[in-house]
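>>> Give me a 3D structure for the following:
(chains A, B, C and D, ligands or ions: 4)
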There are 2 protein chains.
Amino acid sequence: MCDTKLMTQRDLATPTPSANDGRPADLRAEAFQGVRDARSRELAEDYVELIAELIHDHGEARPVEIAARLGVRPPTVTKALDRLAREGLITRAKYRSVFLTDEGRALARECRRRHEIVLRFLLSLGLDAETAERDAEGIEHHVSERTLALFAAYASKS
Amino acid sequence: MCDTKLMTQRDLATPTPSANDGRPADLRAEAFQGVRDARSRELAEDYVELIAELIHDHGEARPVEIAARLGVRPPTVTKALDRLAREGLITRAKYRSVFLTDEGRALARECRRRHEIVLRFLLSLGLDAETAERDAEGIEHHVSERTLALFAAYASKS
DNA sequence: TCTGATTGTTAGCATTGTCTAACTTTATGC
DNA sequence: GCATAAAGTTAGACAATGCTAACAATCAGA
Ligand SMILES: [Mn+2]
Ligand SMILES: [Mn+2]
Ligand SMILES: [Mn+2]
Ligand SMILES: [Mn+2]
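Ligands and ions are numbered 1, 2, ... in the order given. Presented below is the predicted three-dimensional model:
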């Protein structure tokens, strides 16, 4: 039934010190931790960025609009907005539209900046607009300030 | 208690057709959906990539090593491996080391390729090694094949 | 001003991903 | 070969993120 040779613990223990050694294990773990942290912030970032945009373009941010633009169902938005309110990024009253707190507005500004730098960079690399927008939406949450600076420099130089 | 002016639904409804119009709402929703899909694949990708690397470098992939490199606790790994097995990416027996299925190996190869292209690209942009590794770990899951091609071209050209 | 359509919330479910505490199995070293 | 150390699993908790179905509030038009 089981055709894989069952190796016992420590079987091939000879470390085989090939490529990456030293203490990259720690650094790697930190990198992964950083990615997990970024992932936990993604949702809030996309929400506040979108809310700021809706307020700017339409005068207000309604849950139904947020849901449509994010491509999720209204109850998902309700729950997410509750979390954002709990985190102090927005204020809201039942059945009413959504407002950003100062903190939320600051985060939105920061996200919009990142988004635009990444997007402009991808476009300046020669990527088509649609793919650029798609990729930027994911990448924006995972670029360090340092990388962002390089992206901005490249985009303005080209 | 509530100092925000409570706007009623449709208050500032004048559409204010500023910048982005047309049907970008749909496209945006698709972009967000794509990011959500990518996010749901992130974990499996990092696991199989790491497992392949451990097998290559050390002859086997043990949960304790996986946990150390990812910076998570052993039970987290156990549960994740159960999911990967259920998805057909790995095979395993209790208390034994982990093996990749053909499908898992194929995914690992693909992830490694993406990871390396992104990493080389960031380095060729002038980013320091540590930040590059950090950012690559997050970005790799959100670059389209098209973007990847541009990254590869830039890196080899520079 | 009703009344039907639209919008929003609630309740309840499923999955993922993380943890700690406690337990079991395997490996190691004497 | 046994005792201890190390590795791995199980159980159970919890938060986040999504969904559907059902209900409630608001809006808009006749
Ligand atoms: Mn985004
Ligand atoms: Mn964005
Ligand atoms: Mn990664
Ligand atoms: Mn990777």
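
>>> For chain A, which segments count as helices?
Counting by DSSP state H, chain A has helices at residues A:24-58, A:63-70, A:74-86, A:102-125, A:129-139, A:145-157.

>>> Looking at these, which is nearest to ligand 3?
helix A:24-58 (6.0 Å; Cβ to the ion). Yep, even glycine has a C-beta here, placed from its N, CA and C like the rest.

>>> right, is that closest one up against chain B?
Yes. Interface with chain B: helix A:24-58 contributes A:25, A:27-35, A:38-39, A:42, A:46, A:56-58 (Cβ under 8 Å from any Cβ of the partner chain).

>>> ok, residues contacting stretch A:148-158?
Residues from elsewhere that reach stretch A:148-158 (Cβ atoms under 8 Å, 6 or more residues apart in numbering or on different chains): A:114, A:117-118, A:120-121, A:123-125, A:143, B:125-127.

>>> Quick check: mean pLDDT of stretch A:59-66?
Here stretch A:59-66 scores 98 as its mean pLDDT.

>>> Name the residues of that stretch that are buried.
Using 16 or more other Cβ atoms under 10 Å in any protein chain shown as the test for burial, stretch A:59-66 gives A:60-63, A:65-66.

>>> cool, stretch A:82-98 as well?
Neighbour-count burial for stretch A:82-98 [16+ other Cβ under 10 Å]: A:84-85, A:89-92, A:96-98.

>>> Identify the farthest-apart pair in the residues you listed.
Of all pairs drawn from those, the greatest distance, 16.5 Å, lies between A:L89 and A:R96 (Cβ to Cβ).

>>> Please report how far the most centrally placed residue in chain A lies from ligand 1.
In chain A, the residue lying closest to the centroid (Cα atoms, centre = their mean) is A:H141, at 3.0 Å. Distance, A:H141 to ligand 1, by Cβ to the ion, to the nearest Å: 6 Å.

>>> likewise A:A61?
Distance from A:A61 to ligand 1, counting by Cβ to the ion: 17 Å.

>>> Next: A:S144.
For A:S144 relative to ligand 1 (Cβ to the ion), the value is 16 Å.

>>> Hmm, that residue is touching B:T131, no?
Yes. Contact criterion Cβ atoms under 8 Å: A:S144 and B:T131 qualify, at 5.4 Å.

>>> Next to ligand 2, which bits of chain A? Give me the list.
With Cβ under 5 Å from the ion as the criterion, chain A meets ligand 2 at residues A:49, A:115.

>>> What parts of chain A come near ligand 1?
A:46, A:137.

>>> if we can go back for a sec, buried members of the contacts of stretch A:148-158 into ChimeraX, please.
Buried residues among those (16+ other Cβ under 10 Å), as a ChimeraX selection:
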select /A:114,117,118,120,121,123,125,143 /B:125,127
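
>>> what's near enough to touch the closest residue to ligand 2 within chain A?
In chain A, the residue that lies nearest ligand 2 is A:H115 (3.9 Å; Cβ to the ion). Contact analysis of A:H115 by Cβ under 8 Å, 6+ apart lists A:49, A:136-137, A:140.

>>> Show the model's pLDDT score for it.
Reported pLDDT at A:H115 in the predicted model: 98.

>>> wait, doesn't A:S97 sit right on A:E60?
Yes. Using Cβ under 8 Å, A:S97 makes contact with A:E60 at a distance of 4.3 Å.

>>> What's the local residue count around A:F151?
A:F151: 22 surrounding residues under other Cβ atoms under 10 Å in any protein chain shown.

>>> Also A:H58?
So A:H58, with other Cβ under 10 Å, has 18 neighbours.

>>> doesn't A:E65 make contact with it?
Yes. Counting by Cβ under 8 Å, A:H58 touches A:E65, with 7.2 Å between them.

>>> For stretch A:145-152, the averaged confidence score.
Mean pLDDT, computed over stretch A:145-152, is 98.

>>> hey, C-alpha coordinates of it in CSV?
Extracted in CSV, the C-alpha atoms of stretch A:145-152 (Å, rounded to 0.1, in the frame of the first residue of the first chain):
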residue,chain,number,x,y,z
GLU,A,145,10.3,51.4,1.3
ARG,A,146,13.7,50.8,-0.1
THR,A,147,12.4,48.9,-3.1
LEU,A,148,9.8,51.5,-3.6
ALA,A,149,12.5,54.2,-3.9
LEU,A,150,14.2,52.1,-6.6
PHE,A,151,10.9,51.6,-8.4
ALA,A,152,10.2,55.4,-8.3
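
>>> The closest residue to A:L89 other than its chain neighbours: neighbour count?
Once flanking residues are discounted, A:L89 sits nearest to A:G104: 3.7 Å by Cβ to Cβ, 6 or more residues apart in numbering or on different chains. A total of 23 residues lie near A:G104 under the criterion other Cβ under 10 Å.

>>> who's in contact with A:G104?
A:48, A:51-52, A:84, A:88-90.
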